[in-house]
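Undergrad: What would the 3D arrangement of this be:
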Amino acid sequence: MKLILLGAPGAGKGTQADILCKELDIPTISTGNILRAAIKDGTPTGMKAKAFMDAGKLVPDEVIIGIITERVAQEDCKNGYILDGVPRTIAQAEAMEAAGITFDDVISIEISDETILERMSGRRVCESCGASYHLVAVPPRTPGVCDKCGGKLIQRHDDEPETVKARLEVYHRETEPLKAFYAQRGLLKSVENQPSVEGTSQAILHALGR
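TA: Model (predicted):
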């Protein structure tokens, strides 16, 4: 089964992808993870991508599509895969079609901007070990202190309200049109965000006929 997960930043795509890859026994391909690995390893592609990311710009399509094409050709993708974070634009979707990358279903997680702002503005991460918390949903035992290592909890720049609003504007302008693109191809399945992570997972599996 070859899937795309669509949804606004903060919709929970990464969390759902992790759950689905276990349920369906197929790998999750996150462009964010692939790019971070390339940047960490200091590869030419990674350095090229880093320059765009540092400037707050999208990584060029040819870099993204090249990385994805190489990844889906690997042995662990022979029974399918889940794409998280790509395509971001109609141009990327068309480029993947041209590269022969196909899909069985496209799941769109539907969630309001207000819910995303509330969710992301409450997120905190440990600057030492990277553990994640939420001031309301998953608070630390001691405010501002990591339960696991005692490190300081910080709010990432990506999670600050003004940054979140800017990312949502980009999503609505550049990525949301993909819903119509895939609906025209008969691939789109819209799933309403549920109060719990488990509830959303069950809704997605139901939409997939599982």
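Undergrad: Please count neighbours and contacts with C-alpha atoms only from this point.
TA: Will do.
Undergrad: Quick one: the strands in this structure, in order.
TA: Using DSSP state E, the strands of the chain run over 2-6, 28-30, 81-84, 105-110, 123-126, 132-134, 153-154, 188-192.
Undergrad: same question for the second one, mean pLDDT?
TA: In this model, strand 28-30 has an average pLDDT of 88.
Undergrad: Now tell me what touches that strand from outside.
TA: The contact list for strand 28-30, computed with C-alpha atoms under 8 Å, 6 or more residues apart in numbering, reads G14, A17, D18, C21, R71, Y81, I82, L83, D84, G85, V86.
Undergrad: any idea how far the residue lying farthest from the centre of the chain lies from G12?
TA: Centroid-distance maximum for the chain: T142 at 29.5 Å, with C-alpha atoms, centre = their mean. As judged by C-alpha to C-alpha, to the nearest Å, T142 and G12 stand 26 Å apart.
Undergrad: Next: P195.
TA: Distance from P195 to G12, by C-alpha to C-alpha: 12 Å.
Undergrad: which one of those two has more residues nearby?
TA: Comparing P195 with G12 by other C-alpha atoms under 10 Å, the one with more neighbours is G12, at 19 against 8.
Undergrad: Show me the helices in this structure, by range?
TA: Along the chain, counting by DSSP state H, helices occupy 13-24, 31-41, 44-54, 61-72, 90-98, 113-121, 161-170, 178-183, 197-207.
Undergrad: Please produce TSV containing the ones you listed, extended by mean neighbour count.
TA: Shown next, in TSV, are the helices of the chain (neighbours: other C-alpha atoms under 10 Å):
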stretch	mean neighbour count
helix 13-24	17
helix 31-41	16
helix 44-54	15
helix 61-72	16
helix 90-98	16
helix 113-121	17
helix 161-170	16
helix 178-183	17
helix 197-207	15
